[in-house]
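>>> Coordinates only, no sequence provided:
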């Protein structure tokens with residue numbers, strides 16, 4: 001059974017940057033399209049960015065285009081999310097999962113189990 005572990009979150013001021021990591025154990029991610037999602041308090045979990053197994057075919061939600069960059073290192077079985085120019089509205093718990101398509105919705109998630117997520121808090 002795959003275990004996903006997200007890390008790299010924290011408290012940052014608006015305009016700051018963070019780099020999130022998603023590491024997997026129990027299963028190789030190298031052939032999976034992977035995506036980042038986020039969930040803010042009282043809101044549904046939403047798609048942020050997705051990347052095909054090859055590293056091509058990258059998709060972003062409109063609200064992060066030009067600010068966030070998704071990447072992956074298949075040798076390390078890890079997916080990253082570089083977040084720049086952070087805004088208070090980016091405050092959420094961030095999760096990763098495998099998806100069937102890079103421009104995914106929550107219905108396209110492949111792994112039943114989610115990691116614990118990593119909290120990102122952006123202060124104004």
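Sure thing, it's come through. The structure displayed is predicted, hence computed values, not measured ones. Numbers count the residues shown, from 1 in each chain.
>>> At the geometric centre of this structure, which residue sits there?
What sits nearest the mean C-alpha location of the chain, by C-alpha atoms, centre = their mean, is residue 36, with 2.3 Å.
>>> That one in helix, strand or coil?
Three-state assignment for residue 36 (DSSP: H, G, I helix; E, B strand; the rest coil): strand.
>>> ok, now how distant is it from residue 99?
From residue 36 over to residue 99 the distance is 10 Å, taken as C-beta to C-beta, to the nearest Å. In short, each C-beta sits where N, CA and C put it, glycine included.
>>> which residues do those two both contact?
residue 50 (C-beta atoms under 8 Å, 6 or more residues apart in numbering).
>>> can you map out the strands along this protein?
3-7, 10-13, 18-25, 33-39, 46-51, 58-60, 68-73, 78-83, 92-99, 118-123 (DSSP state E).
>>> right, and these - which one's nearest residue 105?
Among those, strand 46-51 comes nearest to residue 105, with 5.9 Å by C-beta to C-beta.
>>> ok now that closest one, how far from the chain's centre?
6 Å (C-alpha atoms, centre = their mean, to the nearest Å).
>>> on that earlier part again, out of the strands of the chain, flag the one nearest residue 111.
The nearest among the strands of the chain, by C-beta to C-beta, is strand 92-99 at 5.3 Å.
>>> what comes into contact with that closest one?
Counting by C-beta under 8 Å, 6+ apart, 2, 4, 6, 9, 20, 22, 29, 32-40, 43, 45, 48, 50, 79, 81, 108-111, 114-115, 117-120 sit against strand 92-99.
>>> Kindly report the same for stretch 77-90.
12, 14-25, 28-30, 34, 36, 38, 40, 48-49, 51, 63-64, 67-73, 94, 96, 120, 122-124.
>>> Now it: average pLDDT?
Averaging pLDDT along stretch 77-90 gives 97.
>>> swap in stretch 6-13?
Per-residue pLDDT values over stretch 6-13 give a mean of 98.
>>> Buried residues in that stretch, which are they?
6, 7, 8, 9, 12 (16 or more other C-beta atoms under 10 Å).
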